[in-house]
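In: After the sequence you'll find the predicted model.
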Amino acid sequence: MEAETIKLLAAGLAMGLGAIGPGIGIGILGLGAMNALGRNPEARGPIMTNMILAIAFAEAIAIYALVVAVVLIFVA
Amino acid sequence: MPKRGFLGRSSPILIGVLLVILVLFLVSLLSGALGSSLFGDLGLPSWLSVPQPHPELPAGVVFHLLGFPITNSIIAAWLSIIVLVGVSYAVTRRLKLIPTRVQSMLESALGWLLNFCQDVAGKENGRRFFPVVATIFLFVITNAWLSLIPGFGSILITNAEGEVVELFRGANTDINLPLALALISFIFVEYWGIKSVGLFRYLRKFINTGRFFGAIGQIFRGKVKAGLVGLSNGVIDIFVGALEALSELVRIVSFTFRLFGNMTGGEILLLMMLFLVPFILAIPFYGLELLIGFVQALIFAGLTLVFATIAVAPHTVEAA
C-alpha cells in the first residue's frame, strides 16, 4: 500500500478509536448527573456546573485524537 | 385582516416561507458535492458550485513588520482587541445610575462572571482572580464568535510574495494563541500560589524531601525499623511531588490542545459542511459552533480558576 492510503486509513482509525473512550466517559458523567439531579433537584446549579467542567475534561481527550487525525491528513 | 395562523402570521406567508426554504434546500442539494455525486453534472452556473476547501494549519502571512511575519490570525486577534476595548470605552463614557440597555447588558455579563469566580473560589479570592479570568473568558469568546460572522474569512488579499491569502482567520485556530493563553494562565496560577502561601511552602509541595531525610536521620540515630519505614514513605513522597510538578507542566499542553483542537475542528467541520450541501446543512453546525465557542471560553477560564483555587489553598497539616 502506498503512503497516501495508509495516511488516510491512520487518520480514520485515530479519530474513530479515539472517540470510544470519551464517548463512554461522557455518558457515565451524564448518568451520574441525572442520578444526582433526581435525588436532589434543588442542587441543580452546582451539579450542572461540575458536570460541564468534567465533560470538558473528557472531551479534551477526543480533541487530542482529532488533532492527530487532522495533522495526519493535512500536514504529514 | 390576515387569519391568525402559525406563530401569529397569516397562513399564506407561512406557506411562502416554507416554499423558499424548500427551494433553497433543493438548490443546495443539487449544487453541492453531495448532489453532483448523486445526480451527475447538471450544468448549473459556476457561481453556485463551491470549490473544495483546503484548510491549512499554519496561518498565512499577510505582511512583515520589523522582521516579524504578521499572520491573518494576529490581525483577527487585533480586531477582537479593538472590538472589546472600543465597546468598553464607548459604554463607560457616560455611565448612568439607571443604566441604558447596552450598559445593563454589559453589567449583567460582568456580574455573571464575578458570581462565577466567587462561587468557585470564595469571596475575596474570587474578587482577586476576577480580572485575569474574566479577560481570558472575554478574549476567547470574542475570538471565537467574531470568526463566525459571515464573510469573515472571505476577504482576500495578495501578500508580498504574490499568493492570495485571507485577511482574517479565527484567532483561536492558530496554535500560538492558545499556547500564549495557557502560558499566561500557568504563570498567574504559580504567582498567586507563591504570593498566598510563600515561596518555600509552595515549592515544598513539589520537592517533598522532608520525610526522606528525616528517615535517614532516624536510621543513624539507631531506630532502624522506623527509619526504614520512613525511608520508603519518603521515596513515595518524592515521587508524588515530582508527579505533581509534571502534571502542572502538562496542564499547559492540555489547555493549548483543548482550545486549539475545538476551534480548528469546528472550522474544518463548517468548511466541509458548506462544501457538501452549501446553504442548508451548515445551519445546525453553526449553532453548534456558537455553543462550543462559549463553552470552550468558559472551560479555559473556569479551569484557570479551579487550579488557582487549589494553588492558594492553605497547606494541609501532614500527619507526623
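Out: Thanks, I have the structure now.
In: Could you give the number of residues near residue 19?
Out: The chain I'm using is chain A. For residue A:19, the count of nearby residues is 14 (other Cβ atoms under 10 Å in any protein chain shown). All C-beta spots, glycine's among them, are computed from the backbone N, C-alpha and C.
In: ah, I was thinking of chain B
Out: 10.
In: Can you classify it by secondary structure?
Out: Put simply, residue B:19 is helix when judged by DSSP: H, G, I helix; E, B strand; the rest coil.
In: Would you mind listing the residues in contact with residue 22?
Out: Assuming you mean chain A. A:58, A:59, A:61, A:62 (Cβ atoms under 8 Å, 6 or more residues apart in numbering or on different chains).
In: Wait, chain B was what I had in mind.
Out: If you count contacts by Cβ under 8 Å, 6+ apart, then residue B:22 has nothing around it.
In: any idea which helix or strand carries it?
Out: helix B:11-31 (DSSP states H and E).
In: Enumerate the residues of chain A near chain B.
Out: Within chain A, the residues that sit near chain B (Cβ under 8 Å from any Cβ of the partner chain) are A:49, A:52-53, A:56, A:59-60, A:63-64, A:66-67, A:70-71, A:74-75.
In: Same list (these) but as a markdown table, adding pLDDT and distance to residue B:272.
Out: Shown next, in a markdown table, are the residues of chain A next to chain B (pLDDT from 0 to 100; distance: Cβ to Cβ, whole Å):
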| residue | pLDDT | distance to residue B:272 |
| --- | --- | --- |
| A:49 | 80 | 33 |
| A:52 | 82 | 27 |
| A:53 | 80 | 30 |
| A:56 | 82 | 24 |
| A:59 | 86 | 20 |
| A:60 | 84 | 22 |
| A:63 | 86 | 17 |
| A:64 | 86 | 20 |
| A:66 | 87 | 13 |
| A:67 | 85 | 16 |
| A:70 | 85 | 12 |
| A:71 | 86 | 17 |
| A:74 | 81 | 12 |
| A:75 | 80 | 17 |
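In: Type out the ChimeraX command that picks the buried ones from these.
Out: Of the residues of chain A next to chain B, the buried ones can be selected in ChimeraX as follows, counting by 16 or more other Cβ atoms under 10 Å in any protein chain shown:
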select /A:53,56,59,60,63,64,66,67,70
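In: Filter the residues of chain A next to chain B down to just the ones in helices.
Out: A:49, A:52-53, A:56, A:59-60, A:63-64, A:66-67, A:70-71, A:74 (DSSP state H).
In: Determine which two of the residues you listed are furthest apart.
Out: A:49 and A:74 (35.8 Å; Cβ to Cβ).
In: Would you enumerate the residues in contact with the spatially closest residue to residue A:76 that is not a sequence neighbour?
Out: Spatial nearest neighbour of residue A:76, excluding adjacent residues (Cβ to Cβ, 6 or more residues apart in numbering or on different chains): residue A:7 at 6.4 Å. Contact partners of residue A:7, counting by Cβ under 8 Å, 6+ apart, are A:72, A:73, A:76.
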